[in-house]
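>>> Coordinates only, no sequence provided:
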Ligand code: RP5
């Protein structure tokens, strides 16, 4: 996992409930890198380090973060608990669990009570990738150069699909 103290100051916090979630969450970090969005990556567990989780969430806005991406698996309380301690947008990524293949994670994250929103992505690495893209779209509202980089990403994706469209 990259050094959390990397500069410039992070705008997106990518957190996860366990180091074992990193493989799932890494595509989010890679996409944020590609879009040149400063970010930090940390393990913050709702169950194993609850005090640190509360501190992370309540201090996030003051440290300059603008969006939090939170990945968790199983009894996946991290995104919802973080959203309860900050008014920043929180994007939840359900990590695929061994026992229930991530359906447990998805339902844990998506079923928030009214009043505390979590934008829930799909299960696994695709969800992590889309979490980064959603964070980028939020940040692009105030950043014209990021909007251009997002447009270029979409154009490249379009071109890549067309280039691979012809099958043998
Ligand atoms: C959650 O429990 C984590 O997000 C992880 O996906 C799941 C299992 O954690 P480990 O036992 O693999 O550390 O808190």
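Cool, got the structure. Quick caveat, the model's predicted, so the values are computed rather than measured.
>>> helices or strands up against the longest helix anywhere in the chain?
Criterion DSSP state H: the longest helix present in the chain is helix 144-163. Applying 3 or more CB pairs under 8 Å, 6 or more residues apart in numbering; DSSP states H and E, one finds that helix 144-163 makes contact with helix 125-140. Any C-beta I mention is one placed from the backbone N, CA and C, and that applies to glycine too.
>>> pLDDT weak spots in this protein?
Residues of the chain meeting the criterion pLDDT under 70: 1-7.
>>> now the helices for this protein?
Using DSSP H, helices in the chain cover 22-34, 50-59, 78-84, 103-110, 125-140, 144-163.
>>> among the ones you listed, which is the most enclosed?
helix 78-84 (a mean of 25; mean count of other CB atoms under 10 Å).
>>> Would you mind pulling up the elements that it packs against?
strand 12-16, helix 50-59, strand 67-73, strand 90-95, helix 103-110.
>>> I'd like the ones you listed laid out as JSON lines, including distance to the ligand.
Listed next are the helices and strands packed on helix 78-84 as JSON lines, based on distance: least, CB to the nearest ligand atom, whole Å:
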{"stretch": "strand 12-16", "distance to the ligand": "6"}
{"stretch": "helix 50-59", "distance to the ligand": "11"}
{"stretch": "strand 67-73", "distance to the ligand": "3"}
{"stretch": "strand 90-95", "distance to the ligand": "4"}
{"stretch": "helix 103-110", "distance to the ligand": "7"}
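>>> Is it possible to get a markdown table of those that adds distance to residue 138?
Putting those into a markdown table (distance: least, CB to CB, whole Å) gives the following:
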| stretch | distance to residue 138 |
| --- | --- |
| strand 12-16 | 9 |
| helix 50-59 | 17 |
| strand 67-73 | 6 |
| strand 90-95 | 9 |
| helix 103-110 | 18 |
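>>> and residue 142, which of those is closest to it?
strand 67-73 (11.7 Å; CB to CB).
>>> chain center to that closest one, what's the gap?
How far strand 67-73 lies from its chain's middle: 5 Å, per CA atoms, centre = their mean, to the nearest Å.
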